[in-house]
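Undergrad: Build me a structure from this.
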Amino acid sequence: MPKTLVIAEKPSVGRDLSRVLAGPFRRGEGFLEGPDHILTWAVGHLVQLAEPDEYDDKFKRWRMADLPIVPEKFRLVVRDERSKRQMNVVKRQLGRDDIGVVVNACDAGREGELIFAYLYEKAGSRLPVQRLWLSSMTQTAIRNAFGQLRDGAEMKSLEDAARSRSEADWIVGMNSTRAATIRLRSSFDGAVSLGRVQTPTLAILARREEEIRAFRPEPYWTVDATFAASGERVYDGRFHVTAGSGDGRGPRIGSAEFAAAVVEACRGTDGVITKLEKRKRRERVPLLYDLTSLQRDANSRFGFSARRTLAAAQRLYEEHKALTYPRTASRYLPTDMIPEIKPIAEIVGGRSEYAAGARYVLGLDVLPLARVVNDARVTDHHAIIPTRAPHPVDRMGDDDRRIYDLVAKRFLAVFHPDAEFENTSVETEVAGHAFRTRGKVMLVPGWRGVYGESADAEPREGEEDEGREQQLPKLEQGEDVQTREIRSEQKETRPPRRYSEGSLLAAMETAGKLVDEEELREAMKDSGIGTPATRAAIIERLLAVGYIERDGRALVVTEKGLNVIRLLDGHPLTSPSLTGDWEHRLGKIELNEDSRRAFMADIVKFAESTVAELDAKLRDVRIPRANLGPCPVCGHDIMENRKGFSCWSRDDPGCGFVIWKSKAGKTLSGAIARELIRTGRTEKPVTGFRSRAGRSFRSRLALQQTPEGRWRVEFDEPWAREGARPPEAEAGAEAATAEAGGRTTAVAREVAAA
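TA: Sure, this is the predicted structure:
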């Protein structure tokens, strides 16, 4: 009787499948074997597209004359030595005489299909293929999926889209990177990395950085007063400039003199409530989570990076079996999931913190499904929700528990009614001047009760000038009030905020357009940059190549990143709409509404035009190396070079003074080096350093001389002088000073050897 070979994406999934299939299973090296099934796994991407020099040795040299490079047939190679070992295991199992059929049990989606397709092709197998389609790792879901195996031919369109995505990224990314790097060798250290997703993402960040740099703050003044009605009913109000006064707008006063005049006119003067309006407002529950919205919330609430959230969600799916498949772009459930809702709520409600929310859902005779179920908005995977498996919350790590909490509460909240608020607007007139007050009272908690919230006390972005919403006492229009206190304050207009990972994910989802309304964001998903599964990796890629840095939760574009976007000067690669269109076409290929052949033909044309344009646009570009002024030791000019800022060159050895660019995972800019040379230390903390644990931190820097007479840049903070780790670094991380010193010494050895 032939056996079935099941190929999973990861070892943990293989073990889970073995608990459902008929056993017992014998453990082998890289596989499990039972009476009817053999289980093995890919360990992620075992196989990838070959580099250009695999096609021809001449491509080892980067030359413009060889571009664009477009293979007639793409070759596949095994990634590394670890991958080769597992690939050999898989190949041996595929070559066994007793195997009758292969089951593709990789993740249910485009990337999972690609992993299997490349592995299967590289192994040279001709065995028939069936597809296991899993969106949940519970034993019930696995058992049902094995009972509904699909013929591998049904997945042809998904495989076409997956291969097209991979090959398009190779063609566009490799050719544009080579073209830009060749033309900018004299201006940049290392490769100038470009790609259809990373470059428009960088462009979004760079545009915001340019806006911040171009911003010029302007002073303005506000006047705030504290009023008291009879019976000690106290409230605050903020002065608003009346229309046509010509000295400011709204709560912003244009001059100190006018602000002082308002204060003087109102101090000690009674006022009257001239307007009092109350309006009821309903707040709808947010939709269920897809990966991007989960990453955004986790970034906003906990400061998690997109990669950190994805890792936790993946563990909750694979190891704990507590959540459904996380790499989803859908925020809805299919109709056939309706019978699962109450059993899941009952499981979730087994913990005290979710019990009240679960009781409400279980008590409903008819579930409100309008914002939950929509077959048209579910493709490969439905929204992220808890599973029916018992949830071992106590055995979860802190990250996993927090992510599970977000998903569990959102799942329960979506079946609750709207939250209801009463918004109150009060206008108080004093000596002819109007002061406005906003109040908010929660009338019906609705879905917010699941979160234990009583009110939305935080001001929304951009509302800080309006004054915070207050819990107001009972007031009446027409009653007199005392002006207890009045004061003016000088402020400055603020530049736009830098993107956090959460806000950048939102911008990528909507192709760079600023869209706050949830339903409209949903409608724009098909034209977004990247996919939920790839956006975290894109952000990490921009960090890795030195285009951006983390500063707390903010993402800051480096000079290199800014210069790359400036030099591309509006090239289509920088356009979010371009990559959004490509993702849209890949989706149509999955649905058999577009062809792989036509898509790839367009990709080749785009690569040809891109190479030609970059060749012409960047041919004569030279970004001059910075001259930082005289060396503090010998007086020679300090010049920028590939690895640092020094007074020596090929023609003049100088005195050997150098400030290395690389320190604790950050590349020091010319401005930082110039300040160190001029004053010996930085006045403000420098951002973007990274501990060995990967946590970002900031620190002041200082030039210090070693006993041997060499100058080094060291962290200038009490913790560094005491030999401790930075306070922002994760527990257990080694001291950042040790890391930085090691890196500096390594660079010094490399340069000395050269």
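
Undergrad: how close does residue 690 sit to residue 551?
TA: Taking Cβ to Cβ, to the nearest Å as the measure, residue 690 falls 12 Å from residue 551. Glycine gets a C-beta too; all of them are placed from N, C-alpha and C.

Undergrad: no no, residue 120
TA: Distance check for residue 120 against residue 551: by Cβ to Cβ, it reads 45 Å.

Undergrad: more crowded one of the two?
TA: Between residue 120 and residue 551, residue 120 has the larger neighbour count (other Cβ atoms under 10 Å), namely 21 against 15.

Undergrad: Is the more buried one located within a helix, as I assumed?
TA: Yes - counting by DSSP: H, G, I helix; E, B strand; the rest coil, residue 120 is part of a helix.

Undergrad: My guess is it contacts residue 129. True?
TA: Yes - Residue 120 is within contact range of residue 129, at 7.1 Å (criterion: Cβ atoms under 8 Å).

Undergrad: Contacts only, for residue 648.
TA: Applying Cβ atoms under 8 Å, 6 or more residues apart in numbering to residue 648 gives the contacts 636, 654-658.

Undergrad: cool, and residue 654?
TA: Residues in contact with residue 654 (Cβ under 8 Å, 6+ apart) are 631, 634, 636, 646-648.

Undergrad: For it, grab phi and psi.
TA: The phi and psi torsions at residue 654 (degrees, to the nearest 10) take the values phi 60, psi -150.

Undergrad: that older thread, any residues in contact with both of residue 690 and residue 551?
TA: Both residue 690 and residue 551 are contacted by residue 696, under the criterion Cβ under 8 Å, 6+ apart.

Undergrad: Name the nearest residue to residue 173, ignoring sequence neighbours.
TA: Leaving aside its chain neighbours, residue 173 sits nearest to residue 195 (4.0 Å; criterion: Cβ to Cβ, 6 or more residues apart in numbering).

Undergrad: since we're on that neighbour, how many residues are nearby?
TA: Residue 195 sits with 20 neighbouring residues when counted by other Cβ under 10 Å.

Undergrad: need the helices for the stretch 351-500 of the chain, in chain order.
TA: Using DSSP state H, counting those that start in this stretch, the helices of the stretch 351-500 of the chain run over 352-362, 398-413.

Undergrad: among those, which is the most enclosed?
TA: When the helices of the stretch 351-500 of the chain are scored by mean count of other Cβ atoms under 10 Å, the highest mean neighbour count falls to helix 398-413 (a mean of 21).

Undergrad: If you count contacts, what does it end up packed against?
TA: helix 291-302, helix 306-318, helix 341-348, helix 352-362 (3 or more Cβ pairs under 8 Å, 6 or more residues apart in numbering; DSSP states H and E).

Undergrad: would you turn those helices into TSV with distance to residue 667 and mean pLDDT?
TA: Shown next, in TSV, are the helices and strands packed on helix 398-413 (distance: least, Cβ to Cβ, whole Å; pLDDT from 0 to 100):
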stretch	distance to residue 667	mean pLDDT
helix 291-302	25	94
helix 306-318	21	93
helix 341-348	47	96
helix 352-362	45	95
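
Undergrad: does residue 189 really touch residue 642, like I thought?
TA: Yes - using Cβ under 8 Å, residue 189 makes contact with residue 642 at a distance of 4.7 Å.

Undergrad: hang on, the earlier thing: shared neighbours, residue 120 and residue 129?
TA: Listed as contacting both residue 120 and residue 129 by Cβ under 8 Å, 6+ apart are 102, 104.

Undergrad: so of the contacts of residue 654, which ones are in strands?
TA: Counting by DSSP state E, the contacts of residue 654 place residue 646 in strands.

Undergrad: I'd like the distance between residue 68 and residue 352.
TA: Distance from residue 68 to residue 352, counting by Cβ to Cβ: 61 Å.

Undergrad: Pick the one among the contacts of residue 648 closest to residue 277.
TA: residue 658 (67.1 Å; Cβ to Cβ).

Undergrad: Could you give the bridge partners of that closest one?
TA: Beta-bridge partners recorded for residue 658 (DSSP bridges): residue 646.

Undergrad: go on, residue 249?
TA: Beta-bridge partners of residue 249, counted by DSSP bridges, are residue 252.

Undergrad: you'd agree it is up against residue 220?
TA: No - using Cβ under 8 Å, residue 249 makes no contact with residue 220, being 9.1 Å away.

Undergrad: Which of these two has more residues huddled nearby?
TA: residue 220 (21 against 13).

Undergrad: circling back to that earlier point, of the contacts of residue 648, the lowest pLDDT goes to which?
TA: Within those, pLDDT reaches its minimum at residue 654, with 71.

Undergrad: just to revisit the earlier point, what about residue 189 and residue 642, which has more around it?
TA: Set residue 189 next to residue 642 and count neighbours by other Cβ under 10 Å: residue 189 wins out with 14 against 10.

Undergrad: which residues does that one contact?
TA: The contact partners of residue 189, by Cβ under 8 Å, 6+ apart, come to 642-643.

Undergrad: same thing with residue 93?
TA: Contacts here follow Cβ under 8 Å, 6+ apart; on that basis residue 93 touches 5, 31, 38, 40, 99.

Undergrad: would it count as being in a strand?
TA: No - residue assignment for residue 93, taken from three-state DSSP, gives helix, which places it outside any strand.

Undergrad: how far away is it from residue 87?
TA: For residue 93 relative to residue 87 (Cβ to Cβ), the value is 11 Å.

Undergrad: and stretch 83-101, average pLDDT?
TA: Average pLDDT, stretch 83-101: 94.

Undergrad: where's it relative to the chain centroid, distance-wise?
TA: 37 Å (Cα atoms, centre = their mean, to the nearest Å).

Undergrad: Grab the CA positions of that stretch and hand them over as PDB.
TA: What follows is stretch 83-101 as a C-alpha-only set of coordinates in PDB (Å, rounded to 0.1, in the frame of the first residue of the first chain):
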ATOM      1  CA  SER A  83      18.900  24.300   4.100                       C
ATOM      2  CA  LYS A  84      20.900  21.800   2.100                       C
ATOM      3  CA  ARG A  85      20.700  19.200   4.900                       C
ATOM      4  CA  GLN A  86      16.900  19.400   5.100                       C
ATOM      5  CA  MET A  87      16.600  19.600   1.300                       C
ATOM      6  CA  ASN A  88      18.400  16.300   1.100                       C
ATOM      7  CA  VAL A  89      16.000  14.800   3.600                       C
ATOM      8  CA  VAL A  90      13.000  16.000   1.600                       C
ATOM      9  CA  LYS A  91      14.500  14.800  -1.700                       C
ATOM     10  CA  ARG A  92      15.200  11.300  -0.300                       C
ATOM     11  CA  GLN A  93      11.600  11.000   0.800                       C
ATOM     12  CA  LEU A  94      10.300  12.200  -2.500                       C
ATOM     13  CA  GLY A  95      12.400   9.600  -4.200                       C
ATOM     14  CA  ARG A  96      11.100   6.600  -2.200                       C
ATOM     15  CA  ASP A  97       9.400   3.800  -4.100                       C
ATOM     16  CA  ASP A  98       6.600   3.500  -1.600                       C
ATOM     17  CA  ILE A  99       5.400   7.100  -1.900                       C
ATOM     18  CA  GLY A 100       2.200   7.300  -4.000                       C
ATOM     19  CA  VAL A 101       1.100  11.000  -3.500                       C
END
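
Undergrad: Any buried residues in that stretch, and which?
TA: By 16 or more other Cβ atoms under 10 Å, the buried positions in stretch 83-101 come out as 83, 86-87, 89-91, 93-94, 99.

Undergrad: Residue 25 and residue 597, how far apart?
TA: 43 Å.

Undergrad: Looking at the two now, which is surrounded by more residues?
TA: Just comparing residue 25 and residue 597: by other Cβ under 10 Å the higher neighbour count belongs to residue 25, 20 against 10.

Undergrad: The more buried one contacts residue 36, correct?
TA: No - Residue 25 lies out of contact with residue 36 (Cβ under 8 Å); the separation is 10.4 Å.

Undergrad: ok, the helix or strand harbouring residue 689: who's next to it in the sheet?
TA: Following DSSP states H and E, the helix or strand that holds residue 689 is strand 686-690. Applying DSSP bridges to the sheet, strand 686-690 is found paired with strand 696-699 (antiparallel).
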